[in-house]
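Novice: Got a predicted model here, sequence first, then my questions.
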Amino acid sequence: MRAATGHGWQEWLRLLEMDGLALAAGRPAHGEIRAAVQRLMPALDDWWTQTVAVGYERARGLRAMHQNSRGEFQATAAKTFAAPAFAAFAAWADDALRRRWLDAPGLEVTKVNPGKNIRARWPDGALLDIRFTDKGPARCQVVVDTVKLTDAEAMAAAKAYWQSQFARLAAFLGA
């Protein structure tokens, strides 16, 4: 942190509160925190500005791990399979194949970008983005992002669920 921004975490917390972000004045919005970081260090790139803003929110109890600025949580699960990407993609994209390995009643596929990603929605409103990356002739990585989760418990449950489903997919693919 210090090497990239010139300040350590404790200094950033103090500087931001000296800039007017005292919690006693209410809950500052994420955009206000980012703006304060930019005022304090205009040359800081967007990635570090975001990192400092999120770090401030976490340090002050305004945001939990895996929570976005709207209060929603996200779970990401990834696995590399000993199978070609086209086979993993087909196992997800084809309804009949998907029903053979995925225990997901109520899941609605909303968009398919052949060979790249699949978007889907759970009945509770949580959204999925499933991405496929070729890792060679007989290897691929599948990443599932589950967004719009309500809390940390839902996030932990989603991660555990996808790990169990990845085991089922590996068995289905013979990987």
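Specialist: Structure's in. What do you need? Numbering: from 1, shown residues only.
Novice: Can you give the domain ranges for the protein?
Specialist: Here the domain parsing of the chain from automatic domain parsing is 2-59, 73-173.
Novice: Mind checking the ones you listed for the one nearest to Q67?
Specialist: Proximity to Q67, assessed across these by CB to CB, is greatest for domain 73-173 (5.2 Å). Quick note: C-beta positions are derived from backbone N, CA and C, even for glycine.
Novice: now the end-to-end length of the closest one.
Specialist: 30 Å (CA to CA, to the nearest Å).
Novice: So what's the gap between the lengthiest helix in the chain and the chain middle?
Specialist: Criterion DSSP state H: the longest helix present in the chain is helix 152-173. Centroid displacement of helix 152-173 relative to its chain, using CA atoms, centre = their mean, to the nearest Å, is 15 Å.
Novice: Let me see the mean pLDDT of that helix.
Specialist: Helix 152-173 carries an average pLDDT of 95.
Novice: Which residues outside that helix are in contact with it?
Specialist: 64-67, 73-77, 79, 81-83, 87-88, 91, 97, 100-104, 126, 142, 144, 146, 149, 175 (CB atoms under 8 Å, 6 or more residues apart in numbering).
Novice: where along this structure do the helices fall?
Specialist: Going by DSSP H, the chain shows helices at 2-5, 9-18, 30-40, 46-59, 85-93, 95-101, 152-173.
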